[in-house]
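**Student:** Model the following, please.
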Amino acid sequence: MRTILTLAFALTVWPWADKNAASVNAQEKRGAVESYQELLKAYTKASGAFRGAESDEQRRQCAEQLGVFPQRFIELAERHRNDPVALVALQQAIQAVLSADSQTQYCWELNREQFPDVAPGDSSSQIVEILLRDHLRSDQLAPICDRMRYGFRREFEKLLLALIDRSPHRNTRALACLATAQLLRNQLQIVDRVAARPEWIARYNTLLSEDYLAEIRGDGRAALDRRIESLYEQALQYDDVMNFSFPETIAEKAKAELHEIRNLSLGKSAPEITGHDQNSRPLKLSDFRGKIVLLYFWSEY
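**Tutor:** Modelled structure (predicted):
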């Protein structure tokens, strides 16, 4: 009799328990989305405030306030680790890192004093470690690769290289290859910037860490150029993968970038240009070899 009653009780309770669990899961999912939307709203407001800043002090405050958001998005992603919103939050954490880095550099350009108080944080490292831990084999990483190509953080390079080697998805490997090349070019811009403006060395030491800046400066242009070209050459195989949100394939983009590096970079011989001067006489750029030439392109509609 006890066995029958127990079985009857189980049959009565478990359907209710399943429905209750589904209800709890639905509530948690709504809570995750609402938390993300609330945080995104606050981030968007903080990010846009910089454009309205009118003084060194206001710009400094805006940049510093924006710098807290990467960690907040990371914490949200960890709280909802098993929810799809986690990957969206990590993508936005990357965007927050890029925005904070950008506003800090704008302060260096625009401010005469009152520079942001920044220090190399571990937000980028945390983002990458979570992605490696939970999402390395995901087929939803195209937006992540696209965001990282706008940055210069060494930690981003770690993830992109891991995706090139280990992602099971061809489109992810292709986008990661292209993004890594662009990230290295961004590093190269920093090398050029501090070469032209040595006073910025101390500022990048604060933003990135002294060891990191010394490392990318120590590599030299030639070494970085070789790595960049190698990645673009590798990307030429992906003629069947579209470049994220661009009307071109990965191979087409890589081919265009290689042409620029090999033919249009500083120190390279300019390609032949033919046309007509202001008096309608034909001319060729090679006719002026050895002379200083200013090319001014214009058009009328």
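
**Student:** Pull up the gap between the residue nearest to residue 62 when sequence neighbours are not counted and residue 107, please.
**Tutor:** Residue nearest to residue 62 in three dimensions, not counting chain neighbours: residue 50, with 4.2 Å by C-beta to C-beta, 6 or more residues apart in numbering. (Glycine included, C-beta is placed from N, CA and C.) Note on residue 50: its distance to residue 107, by C-beta to C-beta, to the nearest Å, is 9 Å.

**Student:** So between those two, which is more surrounded?
**Tutor:** residue 107 (22 against 19; other C-beta atoms under 10 Å).

**Student:** Now do the contacts for the more buried one.
**Tutor:** 56, 59, 60, 63, 114, 115, 116 (C-beta atoms under 8 Å, 6 or more residues apart in numbering).

**Student:** change it to 7 Å
**Tutor:** Contacts for residue 107 (C-beta atoms under 7 Å, 6 or more residues apart in numbering) come out as 59, 60, 63, 115, 116.

**Student:** Helix or strand: which one has the residue nearest to residue 62?
**Tutor:** Under the criterion of DSSP states H and E, residue 50 resides in helix 2-52.

**Student:** What is the subsequent helix or strand relative to that helix?
**Tutor:** Immediately after helix 2-52, counting by DSSP H and E, sits helix 56-66.

**Student:** could you point out which element follows that following helix?
**Tutor:** Heading C-terminal from helix 56-66, the first helix or strand you meet, by DSSP H and E, is helix 69-79.

**Student:** For that next one, which outside residues touch it?
**Tutor:** 35-36, 39, 43, 46, 86, 89-90, 92-93, 96-97, 100, 123, 126-127, 130.

**Student:** what does the domain assignment say about the protein?
**Tutor:** 24-135, 137-261 (automatic domain parsing).

**Student:** Dump the ones you listed into TSV; add mean pLDDT and distance to residue 269 as well.
**Tutor:** TSV is the format used below for the domains of the chain (pLDDT from 0 to 100; distance: least, C-beta to C-beta, whole Å):
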stretch	mean pLDDT	distance to residue 269
domain 24-135	91	33
domain 137-261	92	14
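
**Student:** Residue 272 is nearest to which of those domains?
**Tutor:** domain 137-261 (14.1 Å; C-beta to C-beta).

**Student:** Can you give me the end-to-end span of the closest one?
**Tutor:** This stretch, domain 137-261, spans 32 Å end to end (C-alpha to C-alpha, to the nearest Å).

**Student:** Ok, stretch 231-246 next?
**Tutor:** End-to-end distance for stretch 231-246: 19 Å, by C-alpha to C-alpha.

**Student:** Okay, buried residues for it please.
**Tutor:** 231, 232, 234, 235, 236, 238, 241, 242, 243, 244 (16 or more other C-beta atoms under 10 Å).

**Student:** And for stretch 124-131?
**Tutor:** Buried residues in stretch 124-131 (16+ other C-beta under 10 Å): 124, 126, 127, 128, 130, 131.

**Student:** wait, isn't the fifth one in contact with residue 90?
**Tutor:** Yes - taking C-beta atoms under 7 Å as the contact criterion, residue 130 and residue 90 are neighbours in contact, 6.3 Å apart.

**Student:** For burial, what's the neighbour tally of the nearest residue to residue 168 once chain neighbours are set aside?
**Tutor:** Nearest residue to residue 168, sequence neighbours excluded (C-beta to C-beta, 6+ apart): residue 137, at 5.8 Å. Neighbours of residue 137 under the rule other C-beta under 10 Å: 12.

**Student:** Kind regards, and thank you for your time.
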